[in-house]
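Engineer: Okay, sequence plus prediction incoming.
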Number of protein chains: 2
Amino acid sequence: MLSLRREMEELRQRINVSLLRFLEEKKKTADDSYNETLYSLLIDFATRGGKRLRPILLVETYRASGGKDLDAVINVSLSMELVENYLLIHDDIIDRDDMRRGGASFHKMVERLIEEGGGEFPPGGDFSHFGLSCALIGGDVFSSMALLPILKSPFPEQMKVRALEEFALACEQCFRGELLDVVLERREDVDEDEFIRMIDLKTGDYTTCLPLVLGGIFGGLEDVEVLRDYGKLIGRAFQIKDDILGTFGDNKKTGKPTSSDIRQGKKTLLTIYVLKNGTSQEKKFLRGKLGGEVSEDDMERIRHIMDCGAVEYSLKRIEYYTDLARETLLSSPLKYKNFLLQFTDYLKKRKF
Amino acid sequence: MLSLRREMEELRQRINVSLLRFLEEKKKTADDSYNETLYSLLIDFATRGGKRLRPILLVETYRASGGKDLDAVINVSLSMELVENYLLIHDDIIDRDDMRRGGASFHKMVERLIEEGGGEFPPGGDFSHFGLSCALIGGDVFSSMALLPILKSPFPEQMKVRALEEFALACEQCFRGELLDVVLERREDVDEDEFIRMIDLKTGDYTTCLPLVLGGIFGGLEDVEVLRDYGKLIGRAFQIKDDILGTFGDNKKTGKPTSSDIRQGKKTLLTIYVLKNGTSQEKKFLRGKLGGEVSEDDMERIRHIMDCGAVEYSLKRIEYYTDLARETLLSSPLKYKNFLLQFTDYLKKRKF
């Protein structure tokens, strides 16, 4: 496990260097001061942290398929990180989230910039709507940029076209999941099957399946379907763990207050479990808090309620999906499976 | 001119048939009732009108370059229309516009659907924010879809990669222009040069340059730079005419109230001219109305003020850019220039 962490950290740093270089080059092409400011903010947002899990997965799957051109594939993997920033910025608008990766969300960052009168943006008008507009535009800029690392790579054109088709479809699935996520917030009667469908769409396709499939394509694999199956399973484990960390984790590491999910009324396996299996008092309390204001005391009580079964159940589901994933991986045509096998275990143990 | 209009109308209808078929196929892949509703709304929005200028330009440039596979290029041209819908939906969020193509803008459409209690979306929560969220997601769905007609076309992979790079860069330019547009709304001291820079970015790159360049690429041209130059010039003429029609045109045909630009504080050549050359009373009146509420009487007065010089000046600029465009086109390597030459004239004369 130590070697896995070291390998991930080394790769993360190389990806960070490439990402910064890519974005700085982009910024140079912005030929007015407003767009320069926008690109500076985009750089700030994209480089202030982040685990780089998606690019790492792409690079490691490429290697596991026998691919040798590490520099080329690291550059390709930036597209994963760019699309992630696109989705996070738009997601934070939708969720009205003020925090991301321990700093302000993009729309809040712009809003505060004008409020404080710094920067190039002229004052006047509705600050909050201007922040939202810039965040919408900023996300869209990341979305266009995300195609370039694939298009400009030295891999065969045929691979690029195949990869971009996967890319477009995975993004579309993710938006479908995002819609489902938003709709399920407004409903109380969500069951586990619906939740799994939502995270398969919202997380599985682009967080895990897409990097794996792309790594396989650029690594030269003909058949990547088993990677997609594996991706779906670890995607579920990843998201369920993410929801546990969101509520119980260290908010300095997760970058968001632990009350975020509850305040937004997000459906997680934890809340679904309590709403189904809790005592009528517990159900009533949680129902009253979902989508409303939540104090630190409320969160204490919610965590206590979840500790009576919901967390244990969620951890068991993670175990179940990672076990299945491990089996799927073992039957895959990958040449070198070591990293991905360790990664499967890491998903269970990670603390942020 | 009659034959131009007939040719455009015939092509428009063929594009509409392909577009509807493409979107209906997409809708079939949505496997929950909420996403089915979303896709129905996207189909409603995309098919309720629209001149299809961008796909027509792409198809005609392909033909003008000597391309022969009309069915294939019509399908490719859908990507232009899909990206247009993406930009319009997000633009309407940013401009807080309630109307588009004579109906409700996308976010308003969703908002009203829940208010009226119809459709699949569950009630509850903030209707307006839910409408905005669905519009953000809907635009993003169009953005992913827009890649597919190019990726799945029967043209050589090399052409597709080249086209998609143009595509990604044109979108990025457009977002830069959108930012500039939003920023210039908040400033009073905008001059014509800045305005031209803004419309070059916001309109030129994706409205005219991109379809021309793509038509050239798929038609087999090696050098498409002269098409880009031509595109930039007609893009300017197009946008200046659009702004005149927005204020003076028939709102049944333009699909938006004539007060829209003024109410949003949009900078157009008309307002820039008045703010520079009007009497101090005229300037004061216009300044007081830009970005605020505007009555029909106010609009009458504003149109009257603009009639004293601003309209004439704008028409002269359109003449100037279309003349230059005509010369550029004549020096281009296109085999058949007839349609595009007539199209250049059409831009001056169009009434919506």
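Structural biologist: Thanks, I have it. Only a predicted model underlies this, so the values are computations on that prediction, with no experimental measurement involved.
Engineer: Can you list phi and psi of A:K266 for me?
Structural biologist: Reported as degrees, to the nearest 10, the phi and psi values for A:K266 are phi -60, psi 140.
Engineer: Show me what residue of the stretch 251-352 of chain A gets nearest to chain B.
Structural biologist: A:G291 (7.3 Å; CB to the nearest CB). All C-beta atoms are positioned from the backbone trio N, CA, C, and that covers glycine.
Engineer: Go ahead and report the secondary structure state at that residue.
Structural biologist: coil (DSSP: H, G, I helix; E, B strand; the rest coil).
Engineer: show me what contacts it?
Structural biologist: Going by CB atoms under 8 Å, 6 or more residues apart in numbering or on different chains, A:G291 touches A:E185, A:R263, A:Q264, A:G265, B:G125.
Engineer: Per-residue pLDDT of it, please?
Structural biologist: Looking at A:G291, its pLDDT stands at 91.
Engineer: which residues does A:F195 contact?
Structural biologist: Listed by CB under 8 Å, 6+ apart, the contact set of A:F195 reads A:L184, A:K267, A:T268, A:L269, A:I272.
Engineer: Going by neighbour count, which of these comes out on top?
Structural biologist: Of all the contacts of A:F195, A:K267 has the most neighbours under the rule other CB atoms under 10 Å in any protein chain shown, reaching 27 neighbours.
Engineer: before we move on, could you check phi and psi at that residue?
Structural biologist: With angles defined as degrees, to the nearest 10, A:K267 sits at phi -90, psi 120.
Engineer: which ones are touching it?
Structural biologist: A:D181, A:L184, A:E185, A:V190, A:F195, A:M198.
Engineer: if we go to 10 Å?
Structural biologist: Residues near A:K267 by CB atoms under 10 Å, 6 or more residues apart in numbering or on different chains: A:180-181, A:183-188, A:190-192, A:194-195, A:198-199, A:243, A:261, A:275, A:290.
Engineer: Going by neighbour count, which of those are buried?
Structural biologist: Among the contacts of A:K267, those classed as buried by 16 or more other CB atoms under 10 Å in any protein chain shown are A:180-181, A:183-186, A:190, A:194-195, A:198-199, A:243, A:261, A:275, A:290.
Engineer: Tell me the one of these nearest B:D205?
Structural biologist: A:D181 (33.3 Å; CB to CB).
Engineer: ok, and for the helix or strand hosting that closest one, which residues are buried?
Structural biologist: Here A:D181 sits within helix A:157-185, counting by DSSP states H and E. Neighbour-count burial for helix A:157-185 flags A:159-164, A:166-185 (criterion: 16+ other CB under 10 Å).
Engineer: thinking again about what came up before, want to throw the contacts of A:G291 into TSV with distance to A:I93, secondary structure and pLDDT?
Structural biologist: Below are the contacts of A:G291 laid out as TSV (distance: CB to CB, whole Å; DSSP: H, G, I helix; E, B strand; the rest coil; pLDDT from 0 to 100):
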residue	distance to A:I93	secondary structure	pLDDT
A:E185	15	helix	93
A:R263	16	helix	93
A:Q264	13	helix	90
A:G265	16	coil	92
B:G125	15	coil	85
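Engineer: Which of those are buried? Put it as a ChimeraX command.
Structural biologist: To isolate the buried members of those in ChimeraX, using 16+ other CB under 10 Å:
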select /A:185,263,264,265 /B:125
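Engineer: how about the nearest residue to A:S79, chain neighbours excluded?
Structural biologist: In space, A:S79 comes closest to A:P149 once its chain neighbours are excluded; the distance is 4.3 Å by CB to CB, 6 or more residues apart in numbering or on different chains.
Engineer: What separation do you get for that neighbour and chain B?
Structural biologist: 10 Å (CB to the nearest CB, to the nearest Å).
Engineer: Could you look up the SS state of that residue?
Structural biologist: Once three-state DSSP is applied, A:P149 turns out helix.
Engineer: In contact with it, which residues?
Structural biologist: Here A:P149 is in contact with A:18-19, A:22, A:55, A:72, A:74-82 (CB under 10 Å, 6+ apart).
Engineer: neighbours around A:R100, how many?
Structural biologist: Neighbour count for A:R100, taken as other CB under 10 Å: 23.
Engineer: Tell me the buried residues in the helix or strand of chain A with the lowest mean pLDDT?
Structural biologist: Lowest by mean pLDDT, DSSP states H and E among the helices and strands of chain A is helix A:251-254, with a mean of 83. Within helix A:251-254, the residues scored as buried using 16+ other CB under 10 Å are A:N251, A:T254.
Engineer: Tell me who's in contact with the closest residue to A:T61 other than its chain neighbours.
Structural biologist: Nearest non-adjacent residue to A:T61, counting by CB to CB, 6+ apart: A:G215, 2.7 Å away. If you count contacts by CB under 10 Å, 6+ apart, A:G215 has them with A:55-65, A:67, A:73, A:76-77, A:80, A:163, A:221, A:224, A:227, A:334, A:340.
Engineer: ok, now A:Q158?
Structural biologist: Neighbours of A:Q158 in contact, by CB under 10 Å, 6+ apart: A:I217, B:E157, B:Q158, B:K160, B:V161.
Engineer: ok, now how distant is it from B:M159?
Structural biologist: 13 Å (CB to CB, to the nearest Å).
Engineer: cool, A:M306 as well?
Structural biologist: A:M306 is 55 Å from B:M159, by CB to CB.
Engineer: What of A:E222?
Structural biologist: From A:E222 over to B:M159 the distance is 24 Å, taken as CB to CB.
Engineer: Settle this for me: A:E188 is touching A:V274, isn't it.
Structural biologist: No: with contact defined as CB atoms under 10 Å, A:E188 does not count as touching A:V274 (11.8 Å).
Engineer: intersection of neighbour lists for these two?
Structural biologist: In contact with both A:E188 and A:V274: A:K283, A:R287, using CB under 10 Å, 6+ apart.
Engineer: As JSON lines, the contacts of A:F195 with pLDDT would be great.
Structural biologist: Listed next are the contacts of A:F195 as JSON lines, based on pLDDT from 0 to 100:
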{"residue": "A:L184", "pLDDT": "95"}
{"residue": "A:K267", "pLDDT": "93"}
{"residue": "A:T268", "pLDDT": "96"}
{"residue": "A:L269", "pLDDT": "97"}
{"residue": "A:I272", "pLDDT": "97"}
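Engineer: Quick one: name the residues of the stretch 251-352 of chain A near chain B.
Structural biologist: A:G265, A:G291 (CB under 10 Å from any CB of the partner chain).
Engineer: One more pass at 8 Å, please.
Structural biologist: For the stretch 251-352 of chain A, the contact set with chain B under CB under 8 Å from any CB of the partner chain comprises A:G291.
Engineer: Could you pull out the helices in the stretch 251-352 of chain A for me?
Structural biologist: A:251-254, A:260-264, A:269-277, A:280-289, A:296-307, A:310-330, A:338-349 (DSSP state H, counting those that start in this stretch).
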